[in-house]
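# Sequence plus predicted model, see below.
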Protein chains: 2
Amino acid sequence: MKKRVSIKQVADKAGVSAATVSLVLNGKGRISEQTQKKVRKAAASMKFILNKSASRLRSGRSLLIGLIVNDISNPFFAEMSYDIETVAADSGYLSVIANTKDDLDRQSSVIETMIGQGVAGLIISAASGSDDASFQTIRDHGIPYVLCVRDVRDFSADFVGFDNYQAGVIAAKHLLSQGLDKLAFIGGSQTNENRKQRLQGVSDTLAKNGHTLLDERIFAGSATRQFGAEATAKLLEVDRDMSAIVCFNDYVALGAYEALNRSGLKIGQNIGVIGFDNVPESASWTPPLTTVELHPRAIGRRTAKAMLSAINEPIVAPERIYLAPHLVVRDSC
Amino acid sequence: MKKRVSIKQVADKAGVSAATVSLVLNGKGRISEQTQKKVRKAAASMKFILNKSASRLRSGRSLLIGLIVNDISNPFFAEMSYDIETVAADSGYLSVIANTKDDLDRQSSVIETMIGQGVAGLIISAASGSDDASFQTIRDHGIPYVLCVRDVRDFSADFVGFDNYQAGVIAAKHLLSQGLDKLAFIGGSQTNENRKQRLQGVSDTLAKNGHTLLDERIFAGSATRQFGAEATAKLLEVDRDMSAIVCFNDYVALGAYEALNRSGLKIGQNIGVIGFDNVPESASWTPPLTTVELHPRAIGRRTAKAMLSAINEPIVAPERIYLAPHLVVRDSC
DNA sequence: CTGAAAGCGCTTACAG
DNA sequence: CTGAAAGCGCTTACAG
């Protein structure tokens, strides 16, 4: 590792003091045009890059934002992260990222590591089982944080997400409007708050219209294609009288497609399938999937903005922001 | 922002010196069991977290790894990043991430920012048009870096990727073995090295077997579903005599599915389609896609390991590591 | 086995 | 408009 060029060396080369170099490079103070030019020239010729560890240490200001998610390879989080990084970068922030794998211990340890590295703020999509105590360390250190997507009802921080109950209502209403009222609901883990609310939205809407979501048609499990296929197969064994399957997300729905294709039922004719997420590919499946768009990129942008204002105006009362989901009608119902 | 607890305060509380606290917390030196206990107790009670900005500044050692990719919302990079982050985290490193959006200026600026933040090393999937000069700044600062996935033939750094030529050969051989020899190749931008090599692999294999890949059946363009659909539609207008379409990736293939379905051709019967990537969902499409698996997760793990050794043993000669692609036969050819 | 002291590279009142 | 000096929170030879 070569010796880094320091601000002092730039100062010597430019024939000024280190203080002046700092002022110029940070665009502060009132330094004459001429001096500025000298300094910039010297800095460029030496390929000088300011040492942010040192400035953070001295000034207490940081340009690092931490992003903590369950699993960045999940397309929803991948898209959300992309927009978070973009908005953060446009304001000069660098994004530090970590996966919790939905593990509370990993989440705590990652929070500590990020605080140690000196993040200016933390964006967290909480691991299952988190409560406001999970974020005590962050509050103790006086660092602003914003929760997103997974609601833990921690009212000391902003929350940005979508309205899951509403998403459930939208899906159910659409199915009813198509004359489909004998519904099943599959996928999503028992403890997942988002699932609970989507399910509630579906079941309330059915009830309000004089129908019931039967317990034996509800299967909780992982939010994967495999589980979608398994659950659908089980569903078909005991009961071929359903009119549509509400799937926790599009991947679960794709699993349902598989099982349904094997069973000989025609999706969109004998039986309906609806998903949540609107992953881009779902438009090309056979048949194209009807689904509820949840806007990961918009959530990413909104979250990043909330984070930036929390960093810059830390006194404001926490907000809860819900983006409205919307129905994407295609041919699967 | 509250005042952070410093090592001095922990030292006072534990009745020892700051040096001792540092030694204990870093597991260095030979400190007595008893003193260690006192120190740890004091640190825990004060919720002390070591300030890494300060230790990096003083020691020159960093626990930050930078990851620079075109677009983290691309599933290939999303999966790769997940494994990189995991391996890095297991060795105590935190991952800093940035998207270049395939823009060279953005790439340079991100490299500077990351160096300024003091990364220990950089993992880069180079933006199109990069050459070894693009990474001069990194070398000037004596920071180790590893290139991945997109080869820029910069022989001063390790490279980890897959063998694109081989991938093309594998795809073409399979098609020939199915009696499909009138091939088209669609998707991927003109300047993309990976595309060039896949294409070369396909065309060489055809030539070796006495067939030709006709120019009018080659369409370069973005690597998206939309482009796959457009290119396929165009292909069908002028020429219905193809036996199979080689698609730059699975999403392009999904686009081809769309156009083919509209045209009335039966995929897997009248015409073959093959992709690259093996995105998990491709197994559930109708028909399930035959594709070439490129192992993003394995590349992520291998890259992270190369990065860690470059950080720890910086003198070793750069390596070029190619993971072998493998064919996943399903029903589309 | 432990402490005193120097110094990493910055920023920031303060003085002039 | 610019410089001298202090100090952010650590780590690390060095001394004892």
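Arrived safely. Residues are numbered from 1 along each chain as shown, chains lettered A, B, ... in the order given.

# partners of the helix or strand hosting residue A:95, with directions?
Assessed by DSSP states H and E, residue A:95 sits inside strand A:94-99. Strand pairing for strand A:94-99, determined by DSSP bridges: strand A:64-69 (parallel), strand B:94-99 (antiparallel).

# Now render those strands as CSV, adding distance to DNA strand C.
Any C-beta I mention is one placed from the backbone N, CA and C, and that applies to glycine too. Putting those into CSV (distance: least, Cβ to the nearest atom of the strand, whole Å) gives the following:
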stretch, distance to DNA strand C
strand A:64-69, 14
strand B:94-99, 19
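
# possible to save those as TSV with mean neighbour count, distance to DNA strand D and mean pLDDT?
Shown next, in TSV, are the strands paired with strand A:94-99 (neighbours: other Cβ atoms under 10 Å in any protein chain shown; distance: least, Cβ to the nearest atom of the strand, whole Å; pLDDT from 0 to 100):
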stretch	mean neighbour count	distance to DNA strand D	mean pLDDT
strand A:64-69	26	16	97
strand B:94-99	25	15	97
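
# Would you tell me which of the ones you listed gets closest to residue A:266?
When these are compared by Cβ to Cβ, strand A:64-69 sits nearest residue A:266, at 37.8 Å.

# ok, residues contacting the closest one?
Outside of strand A:64-69, the residues within contact range by Cβ atoms under 8 Å, 6 or more residues apart in numbering or on different chains are A:77, A:80-81, A:84-85, A:88, A:93-100, A:107, A:110-111, A:114, A:117-125, A:304, A:307, B:96, B:117.

# Show the buried residues in these.
A:77, A:80-81, A:84-85, A:88, A:93-100, A:107, A:110-111, A:114, A:117-125, A:304, A:307, B:96, B:117 (16 or more other Cβ atoms under 10 Å in any protein chain shown).

# Any idea which of the strands paired with strand A:94-99 gets closest to residue A:230?
That would be strand A:64-69 among those, by Cβ to Cβ, at 26.1 Å.

# so what does the helix or strand that the closest one is followed by touch, helix or strand wise?
Following strand A:64-69 in sequence order, the next helix or strand is helix A:75-90 (DSSP H and E). Packing partners of helix A:75-90 (3 or more Cβ pairs under 8 Å, 6 or more residues apart in numbering or on different chains; DSSP states H and E): strand A:64-69, strand A:94-99, helix A:296-312, helix B:75-90, strand B:94-99.

# Parallel or antiparallel, which strands does the very next helix or strand once past the longest one pair with?
Downstream of helix A:296-312, the next assigned helix or strand under DSSP H and E is strand A:320-323. Strand pairing for strand A:320-323, determined by DSSP bridges: strand A:158-162 (parallel).

# Using CSV, write out every CA atom in the partner strand.
Provided in CSV are the C-alpha atoms of strand A:158-162 (Å, rounded to 0.1, in the frame of the first residue of the first chain):
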residue,chain,number,x,y,z
ASP,A,158,-40.1,7.3,9.6
PHE,A,159,-41.7,4.4,7.8
VAL,A,160,-42.1,4.1,4.0
GLY,A,161,-44.0,1.2,2.5
PHE,A,162,-47.1,0.2,0.7
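
# Please compute how far it lies from its chain's middle.
9 Å (Cα atoms, centre = their mean, to the nearest Å).

# Show residues contacting the following helix or strand past it.
Next along the chain after strand A:158-162, taking DSSP H and E as the criterion, comes helix A:164-177. For helix A:164-177, contacts defined as Cβ under 8 Å, 6+ apart pick out A:181, A:183, A:193-206, A:209, A:211, A:243-244, A:246, A:272, A:274, A:276, A:290, A:292, A:294, A:322, A:324-327, A:329, A:333.

# Report the buried residues of helix A:164-177.
A:164-176.

# by contact count, what packs against whatever helix or strand comes next after that helix?
On the C-terminal side of helix A:164-177, the closest following helix or strand by DSSP H and E is strand A:183-186. Under the contact definition 3+ Cβ pairs under 8 Å, 6+ apart, strand A:183-186 sits against helix A:193-208, strand A:218-219, helix A:225-238, strand A:244-247.

# Determine which stretch of these is the most buried.
strand A:244-247 (a mean of 30; mean count of other Cβ atoms under 10 Å in any protein chain shown).

# Output that one as PDB, nothing but the C-alphas.
Output of strand A:244-247 as PDB, limited to C-alpha atoms (Å, rounded to 0.1, in the frame of the first residue of the first chain):
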ATOM      1  CA  ALA A 244     -59.200 -18.500  -7.900                       C
ATOM      2  CA  ILE A 245     -56.000 -18.600  -6.000                       C
ATOM      3  CA  VAL A 246     -54.600 -15.400  -4.400                       C
ATOM      4  CA  CYS A 247     -50.800 -15.800  -4.300                       C
END
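
# In terms of secondary structure, what does whatever helix or strand comes next after that strand contact?
Heading C-terminal from strand A:244-247, the first helix or strand you meet, by DSSP H and E, is helix A:250-263. On a contact count with 3+ Cβ pairs under 8 Å, 6+ apart, helix A:250-263 meets helix A:225-238, strand A:244-247, strand A:272-277.

# Averaged pLDDT, the shortest one. What do you get?
Taken as a whole, strand A:244-247 carries a mean pLDDT of 97.

# quick check, it touching chain B?
No - against chain B, strand A:244-247 shows no contacts by Cβ under 8 Å from any Cβ of the partner chain, the least distance being 12.6 Å.

# Just list what that strand packs against, helices and strands only.
Strand A:244-247 packs on helix A:164-177, strand A:183-186, helix A:225-238, helix A:250-263, strand A:272-277, going by 3+ Cβ pairs under 8 Å, 6+ apart.

# So which bits of chain A are right by DNA strand D?
A:15-20, A:23, A:29-32, A:34-35, A:54, A:57-58 (Cβ under 7 Å from any atom of the strand).

# Quick check: closest non-adjacent residue to residue A:278.
residue A:293 (3.9 Å; Cβ to Cβ, 6 or more residues apart in numbering or on different chains).

# what sits against the one you found?
A:277, A:278, A:325, A:326, A:327, A:328.

# 6 Å instead?
A:278, A:326, A:328 (Cβ atoms under 6 Å, 6 or more residues apart in numbering or on different chains).

# Looking at the residues you listed, which one is closest to chain B?
residue A:278 (13.6 Å; Cβ to the nearest Cβ).

# and residue A:9, which of the helices and strands packed on strand A:183-186 is closest to it?
helix A:193-208 (54.0 Å).

# what mean pLDDT does stretch A:272-288 have?
On average, stretch A:272-288 scores 92.

# For it, measure first residue to last.
One end of stretch A:272-288 sits 12 Å from the other (Cα to Cα, to the nearest Å).

# Buried residues in it, which are they?
A:272-282, A:284-288.

# Also stretch A:302-312?
A:302, A:303, A:304, A:305, A:306, A:307, A:308, A:309, A:310, A:311.

# In three-state terms, how would residue A:53 be classified?
Secondary structure, DSSP: H, G, I helix; E, B strand; the rest coil: residue A:53 is helix.

# I am assuming it contacts residue B:57, so please confirm or correct that.
Yes - if you go by Cβ atoms under 6 Å, residue A:53 and residue B:57 touch, sitting 4.7 Å apart.

# neighbour count winner among these two?
Neighbour tally, residue A:53 and residue B:57, criterion other Cβ atoms under 10 Å in any protein chain shown: the higher count belongs to residue A:53, 25 against 19.
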